[in-house]
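**Q** starting from these lines, generate the structure:
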Amino acid sequence: MSEASETLFERIGGAAKVSQIVDSLYARVLADDRLSSFFEHTSVEKVIRIQKEFVAAALDGPVRVSDIDLTRIHQGLGITRADVSRFVDHLISVLEAEDLIGRRDVMQIVARIATYSDQITGGAGGEDG
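**A** Take a look at the predicted model:
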């Protein structure tokens with residue numbers, strides 16, 4: 001299959017690579033004092049499982065996320081654009097560490113994930129919220 005006809009999910013290595021990326025991402029996020037508090041009252045295992053499905057679906061993988069309401073899930077957590085930016089910085093670091101993922105794919109992944117920022121922040125504007 002040519003690169004042009006492959007989905008982003010296929011180009012990065014499929015479900016196994018998505019799983020590896022999300023596991024590495026959450027190792028960083030949970031070690032980050034500014035982000036780890038958002039996960040204190042939730043099942044991290046469930047969050048990681050859902051995130052793997054979400055990322056796979058966002059990259060045109062065969063997984064389709066059932067009706068997950070990102071706004072409702074993140075409501076009341078006080079997540080700001082600065083928090084989302086910090087999360088994305090961790091994502092970029094993880095993606096750049098992967099030898100099989102080129103810069104173009106890194107930027108496509110970040111762009112696709114970033115489209116959900118307003119749902120995660122509740123549409124709060126500005127860098128701080």
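**Q** so what touches the lowest-mean-pLDDT helix or strand in the chain?
**A** Using mean pLDDT, DSSP states H and E, helix 70-74 stands out as the lowest-scoring helix or strand of the chain, at a mean of 78. By CB atoms under 8 Å, 6 or more residues apart in numbering, the surrounding residues in contact with helix 70-74 are 116, 119-122. Backbone N, C-alpha and C define where each C-beta goes, glycine included.
**Q** rerun that using 7 Å as the cut-off
**A** 116, 119-120, 122 (CB atoms under 7 Å, 6 or more residues apart in numbering).
**Q** show me which of those are buried.
**A** 119-120, 122 (16 or more other CB atoms under 10 Å).
**Q** thinking again about what came up before, how about the next helix or strand after the least confident helix or strand of the chain as PDB, C-alpha atoms only?
**A** On the C-terminal side of helix 70-74, the closest following helix or strand by DSSP states H and E is helix 81-97. What follows is helix 81-97, C-alpha atoms only, in PDB (Å, rounded to 0.1, in the frame of the first residue of the first chain):
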ATOM      1  CA  ARG A  81      -5.500  26.100  27.400                       C
ATOM      2  CA  ALA A  82      -2.100  26.200  29.100                       C
ATOM      3  CA  ASP A  83      -2.800  22.800  30.500                       C
ATOM      4  CA  VAL A  84      -3.800  21.500  27.100                       C
ATOM      5  CA  SER A  85      -0.700  23.000  25.700                       C
ATOM      6  CA  ARG A  86       1.400  21.300  28.300                       C
ATOM      7  CA  PHE A  87      -0.300  17.900  27.500                       C
ATOM      8  CA  VAL A  88       0.300  18.400  23.800                       C
ATOM      9  CA  ASP A  89       4.000  19.300  24.600                       C
ATOM     10  CA  HIS A  90       4.300  15.900  26.300                       C
ATOM     11  CA  LEU A  91       2.600  14.300  23.200                       C
ATOM     12  CA  ILE A  92       5.000  15.900  20.900                       C
ATOM     13  CA  SER A  93       8.000  14.700  23.000                       C
ATOM     14  CA  VAL A  94       6.700  11.200  22.900                       C
ATOM     15  CA  LEU A  95       6.000  11.200  19.200                       C
ATOM     16  CA  GLU A  96       9.400  12.700  18.300                       C
ATOM     17  CA  ALA A  97      11.000  10.000  20.400                       C
END
